[in-house]
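> coords below, sequence missing:
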């Protein structure tokens with residue numbers, strides 16, 4: 001067991017050095033592509049790339065070399081879209097970041113600075129923890145963005161109703177609402193602007209709306225998309241459908257708030273029991289216990 005940890009550390013360091021060497025080796029295609037971009041933009045970079053750009057490029061190279069499956073890649077791509085990362089290379093950058101964090105945690109736990117006697121199981125557990133923390137952080141960010149979109153949806157529907165009733169078509173109304181919500185609700189504004197770009201590129205309206213539901217992953221957006229597609233298919237009033245759907249969403253949001261308020265009492269039990277009640281017991285019972293000890297112990301010693 002004592003020889004196993006240095007052997008594993010040597011193997012991991014060797015793999016890390018090889019990966020870093022391959023990542024830092026410049027590729028001709030990347031250099032040519034960067035040069036073409038500079039020529040097309042008409043601005044040659046006077047300075048070298050920044051540290052952030054270099055780090056992103058290295059993480060991308062490391063992520064491209066990582067083993068992956070089609071199912072995991074598809075699931076990770078949906079999670080990145082829900083978090084707001086739409087670039088094609090975002091998945092490779094994230095994979096490289098996840099591997100880099102796992103290697104960092106492994107190397108830190110092998111040093112005697114943190115543990116007097118480093119253990120193989122602790123090091124491997126730290127590497128697995130670092131591997132999972134990246135996915136947990138990405139999932140948390142996606143959930144926060146979905147929550148912001150869910151809260152901003154009723155306001156966007158009200159603006160859509162006003163725009164449609166003022167005489168604008170649905171496509172023009174989506175564009176106008178996207179521009180109006182840029183300051184208050186930037187996440188939903190970006191999604192609506194992306195719908196407008198897809199419509200200008202020639203994508204059919206139902207397909208663009210379904211893409212919106214797939215990108216966000218919000219159930220309220222999916223129901224809105226289904227309502228708009230059915231309205232467009234059957235030729236019913238868009239303004240009336242949007243008004244009814246807006247009222248439904250506000251009712252659901254109020255019900256979610258009432259549900260969260262009802263759960264507050266149950267969630268407060270654990271902080272009360274483990275944090276507040278012990279302090280109260282020490283303050284209330286502590287002086288009486290001290291007085292009890294001071295009075296009874298001398299009496300007990302006198303009887304003996």
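Cool, got the structure. Bear in mind the structure is a predicted one, so any value in this text is a computation, not a measurement.
> and residue 105, how many neighbours does it have?
Counted by other Cβ atoms under 10 Å, the residues lying close to residue 105 total 20. Every residue, glycine included, has its C-beta placed from N, CA and C.
> buried set for the strand or helix carrying it?
Of the helices and strands defined by DSSP states H and E, residue 105 is found in helix 90-110. The neighbour-count check on helix 90-110 (16 or more other Cβ atoms under 10 Å) flags 90-103, 105-107, 109-110 as buried.
> relative to helix 90-110, how tilted is the helix or strand following that helix?
Counting by DSSP H and E, the next helix or strand C-terminal to helix 90-110 is helix 120-165. Orientation check (axes from the mean of the first three to the mean of the last three Cα atoms, to 10 degrees): helix 120-165 against helix 90-110 gives 150 degrees.
> from the chain's centroid, how far away is helix 120-165?
In terms of Cα atoms, centre = their mean, to the nearest Å, the centre of helix 120-165 is found 4 Å from the chain centre.
> tell me the helices and strands packed up against it.
Contacts defined by 3 or more Cβ pairs under 8 Å, 6 or more residues apart in numbering; DSSP states H and E place helix 120-165 against helix 4-24, helix 70-83, helix 90-110, helix 170-180, helix 186-200, helix 219-234, helix 238-267.
> of these, which is nearest residue 149?
Smallest distance to residue 149 across these (Cβ to Cβ): 5.2 Å, for helix 186-200.
> now stretch 203-215: mean pLDDT?
Mean pLDDT, stretch 203-215: 91.
> now that stretch, how far from the chain's geometric center?
Using Cα atoms, centre = their mean, the offset of stretch 203-215 from its chain centre is 22 Å.
> list the buried residues of that stretch.
Neighbour-count burial for stretch 203-215, counted by 16+ other Cβ under 10 Å, picks out 205, 208, 209, 210, 211, 212, 213, 215.
> could you dump the helices and strands packed on helix 120-165 to TSV with distance to residue 133 and mean pLDDT?
Shown next, in TSV, are the helices and strands packed on helix 120-165 (distance: least, Cβ to Cβ, whole Å; pLDDT from 0 to 100):
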stretch	distance to residue 133	mean pLDDT
helix 4-24	18	57
helix 70-83	15	85
helix 90-110	6	85
helix 170-180	34	90
helix 186-200	24	91
helix 219-234	27	88
helix 238-267	24	86
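> with distance to residue 59 as added columns, please give these in JSON lines.
Listed next are the helices and strands packed on helix 120-165 as JSON lines, based on distance: least, Cβ to Cβ, whole Å:
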{"stretch": "helix 4-24", "distance to residue 59": "8"}
{"stretch": "helix 70-83", "distance to residue 59": "14"}
{"stretch": "helix 90-110", "distance to residue 59": "3"}
{"stretch": "helix 170-180", "distance to residue 59": "32"}
{"stretch": "helix 186-200", "distance to residue 59": "24"}
{"stretch": "helix 219-234", "distance to residue 59": "31"}
{"stretch": "helix 238-267", "distance to residue 59": "37"}
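> for these, which one sits closest to residue 283?
Closest to residue 283 of the helices and strands packed on helix 120-165, according to Cβ to Cβ: helix 238-267, at 24.0 Å.
> one step back: so the helix holding residue 105 versus helix 70-83, what angle?
Orientation note: helix 90-110 sits at an angle of 100 degrees relative to helix 70-83 (the same axes, to 10 degrees).
> what's near enough to touch the closest residue in space to residue 81 that isn't next to it in sequence?
Nearest non-adjacent residue to residue 81, counting by Cβ to Cβ, 6 or more residues apart in numbering: residue 215, 4.8 Å away. Applying Cβ atoms under 8 Å, 6 or more residues apart in numbering to residue 215 gives the contacts 81, 82, 86, 191, 194.
> so what's the residue count around residue 177?
By the criterion of other Cβ under 10 Å, residue 177 has 26 neighbours.
> circling back: tell me which of the helices and strands packed on helix 120-165 sits nearest to residue 290.
Nearest of the helices and strands packed on helix 120-165 to residue 290, taken as Cβ to Cβ: helix 238-267 at 34.6 Å.
> residue 83 contacts residue 148, doesn't it?
No - applying Cβ atoms under 8 Å, one finds residue 83 not in contact with residue 148, separated by 11.5 Å.
> who has more neighbours, those two?
More crowded of residue 83 and residue 148, by other Cβ under 10 Å: residue 83, with 21 against 15.
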